[in-house]
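Trainee: give me coordinates for this.
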Amino acid sequence: GQPLKVWLSGIGTQFTWREKLMLAWIGPRGIVAAAISGLFALRLQEAGFAGADMLVPLTFIVILGTVIFASATARPAARWLGVADPEDRGVLIVGSNRLSRAIAAALNTQGFRTLLADGDYTGIRTARMEGLNAYFGNPVSPEADRTLDLVGIGRLFAMSRHPELNALATVRYRREFGAGNVYVLRTRRETDGAERERIASHIQGRPMFGENVSHSALLGLLEEGAKISATRLTEAFDWDAYQQRFADGGQLLFAVSPAGRLYVTGPAFDARPTADWVLIGLYKPRPEDDEAAGKQAKAAGA
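Mentor: Numbers count the residues shown, from 1 in each chain. Predicted coordinates:
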């Protein structure tokens, strides 16, 4: 009866047959039985049927069993039907400045969904022209609460140039994503300024990339020609070799495990990457890299 009810009520809607089947599987059941079982039990007792007093508890046991079974199998069924929400691997990035856009693009390349949110129209327009998913508006506004699509997003990177907005965003989204998944990239004023100019630590998120790494410092690297690159470790080119190669001239930003988990570098990053980890960093071109690129260009033009 449940599939038929869902199918009939879904006529004229945009639900696919998979979604209708999922609704039929998890939809409420046993309401009518629960409502009338008491009446039936009373009438059966009056008619002299033995064991009629067991009808109500048996009805509720059956209802409870079907509900537990449907709940336990809901996620596997949703995955099998292809209607399950994606895992919360995505990132909400507050800010649409050049650094925010570069990091969003790098994470997209690694398969992580990103959503930029900012009230700066120029930055949002540029982000959209670069093919990035972006929301124009204050990320802590009532409209953002209603319209931001956070399906599949489980982290916040507060990377605005405005520390007050970053603090508001961390407070707002801490209850959405959990305190351990809310990060903030500090501004120069917060890392080097006087104490009276800083945001209180208890309303900030986890520091991105290190206690003393600032937005201005990373943006300066970009302006000096540094680029965000991803490097996959191998048995030959391991973590030690990576650190030696990129010992200076940049900043390690993220690490992605072979299982696809994203790690933000900083005080809490204590993993030791091994083969098949992907390391994402912002580094200036090395002289030998420029030399190799020049040779390739000459070879291509020959």
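
Trainee: count of neighbours near the nearest residue to residue 246 once chain neighbours are set aside?
Mentor: Excluding the flanking residues, the one nearest residue 246 by C-beta to C-beta, 6 or more residues apart in numbering is residue 283, at 5.5 Å. In this view, the C-beta of every residue, glycine as well, is placed from N, C-alpha and C. Look at residue 283: counted by other C-beta atoms under 10 Å, it has 20 neighbours.

Trainee: residue 283 contacts residue 230, doesn't it?
Mentor: No - here residue 283 lies out of contact with residue 230, judged by C-beta atoms under 8 Å, at a distance of 11.2 Å.

Trainee: before we move on, the earlier item: ok, the residue nearest to residue 246 - contacts?
Mentor: Counting by C-beta atoms under 8 Å, 6 or more residues apart in numbering, residue 283 touches 221, 226, 227, 229, 246, 249, 250, 251.

Trainee: for ChimeraX, write a command that selects the buried ones of those.
Mentor: A single ChimeraX command is used to select the members of the contacts of residue 283 judged buried by 16 or more other C-beta atoms under 10 Å:
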select :221,226,246,250,251
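
Trainee: got the contacts of residue 283 as TSV, with distance to residue 114 columns?
Mentor: Converted to TSV, the contacts of residue 283 look like this (distance: C-beta to C-beta, whole Å):
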residue	distance to residue 114
221	20
226	20
227	18
229	18
246	24
249	26
250	21
251	19
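
Trainee: the contacts of residue 283 in helices, which ones?
Mentor: Members of the contacts of residue 283 lying in helices (criterion: DSSP state H): residue 221.

Trainee: sort the contacts of residue 283 by pLDDT and name the bottom one.
Mentor: Minimum pLDDT across the contacts of residue 283 is recorded for residue 249, with 71.

Trainee: hmm, residue 226 and that residue touching each other?
Mentor: Yes - using C-beta under 8 Å, residue 249 is in contact with residue 226, at 7.5 Å.

Trainee: common neighbours of these two, please.
Mentor: Residues touching both residue 249 and residue 226 (C-beta under 8 Å, 6+ apart) are 283, 284.

Trainee: show me where this structure has its helices.
Mentor: For the chain, the helices defined by DSSP H cover 2-9, 17-26, 31-46, 55-81, 98-109, 121-129, 142-147, 163-177, 188-192, 215-223, 239-245, 287-301.

Trainee: and these: which comes nearest residue 157?
Mentor: Closest to residue 157 of those, according to C-beta to C-beta: helix 98-109, at 7.3 Å.

Trainee: pull out the buried positions in the closest one.
Mentor: For helix 98-109, the neighbour count (16+ other C-beta under 10 Å) marks 99, 100, 101, 102, 103, 104, 106, 107, 108 as buried.

Trainee: can you give me every residue that contacts the first one?
Mentor: Right, residue 99. Shown in contact with residue 99 (C-beta under 8 Å, 6+ apart): 159, 185, 215, 218, 219, 222.

Trainee: ok, the closest residue to the first one other than its chain neighbours - contacts?
Mentor: Just to be clear, that refers to residue 159. Leaving aside its chain neighbours, residue 159 sits nearest to residue 95 (4.2 Å; criterion: C-beta to C-beta, 6+ apart). By C-beta under 8 Å, 6+ apart, residue 95 lies in contact with 116, 118, 123, 158, 159, 160, 161.

Trainee: next: residue 257.
Mentor: Contacts for residue 257 were tallied using C-beta under 8 Å, 6+ apart; they are 263, 271, 273, 277.

Trainee: before we move on, the earlier item: could I get the buried residues of helix 98-109 as TSV with distance to residue 241 and pLDDT?
Mentor: TSV is the format used below for the buried residues of helix 98-109 (distance: C-beta to C-beta, whole Å; pLDDT from 0 to 100):
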residue	distance to residue 241	pLDDT
99	27	93
100	30	93
101	30	94
102	25	93
103	25	94
104	28	94
106	21	93
107	24	94
108	27	93
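
Trainee: and residue 78, how many neighbours?
Mentor: Using other C-beta under 10 Å, residue 78 has 17 neighbouring residues.
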